[in-house]
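A.B. asks: quick one, what's the 3D model for this:
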Amino acid sequence: QVQLVESGGGLVQAGGSLRLSCAASGPTFSRNAMAWFRQAPEREREFVAGINWSGQTTDYADSVKGRFTISRDNAKNTVDLQMNSLRPEDTAVYYCAVHPSPLDWIPRSRYVYKFWGQGTHVTVSS
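C.D. replies: Residues are numbered from 1 along each chain as shown. Sure thing, here's the model as predicted:
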């Protein structure tokens, strides 16, 4: 059974940093693209960052480019999101997701990701 568990969320002041981590249990996802999405109240779930199976290809939403860094450790079946220079508009529930197929690229559509974590709350105060 696949299980994704996010951790690392919390309350931080604007300009601060947080590191989110997602641990996957069950089948190994070393050949799957993984991504982080977020959903703010009354907004659609949106793509934040993604990484291909090898870690050599990454993609970021324009709103976080240069501030967030995604990384993965296939040996540990984890994917992390380092978030720096946080802004109040980064406040959301953050979800990690795994694509069901081996890909060298990173899809941005949430509809093609099959496995999701329960989410971790990030609140950035001004």
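A.B. asks: can you pull the poorly scored residue ranges out of this protein?
C.D. replies: With pLDDT under 70 as the threshold, the chain has no low-confidence stretch at all.
A.B. asks: contacts only, for the residue nearest the centre of the chain.
C.D. replies: Within the chain, the residue whose C-alpha comes closest to the C-alpha centroid is residue 36; the distance, by CA atoms, centre = their mean, is 2.0 Å. The neighbours of residue 36, taking CB atoms under 8 Å, 6 or more residues apart in numbering as the test, are 20, 22, 48, 49, 50, 70, 79, 81, 94, 95, 96, 97. Heads up, the C-betas are built off the backbone N, CA and C, glycines and all.
A.B. asks: how near is it to residue 43?
C.D. replies: 16 Å (CB to CB, to the nearest Å).
A.B. asks: rewinding a little: just the closest of the contacts of residue 36 to residue 122, please.
C.D. replies: Each of those was scored against residue 122 by CB to CB, and residue 94 proved nearest at 5.5 Å.
A.B. asks: start to end distance for stretch 78-88?
C.D. replies: Length of stretch 78-88, first residue to last, CA to CA, to the nearest Å: 27 Å.
A.B. asks: list the buried residues in it.
C.D. replies: Judged by neighbour count using 16 or more other CB atoms under 10 Å, the buried positions of stretch 78-88 are 78, 79, 80, 81, 82, 83, 86.
A.B. asks: quick check: longest strand of the chain.
C.D. replies: Identified as the longest strand of the chain according to DSSP state E is strand 92-102.
A.B. asks: and it, which strands flank it?
C.D. replies: Each strand pairing with strand 92-102, determined using DSSP bridges, is listed with its direction: strand 32-39 (antiparallel), strand 115-116 (antiparallel), strand 120-125 (antiparallel).
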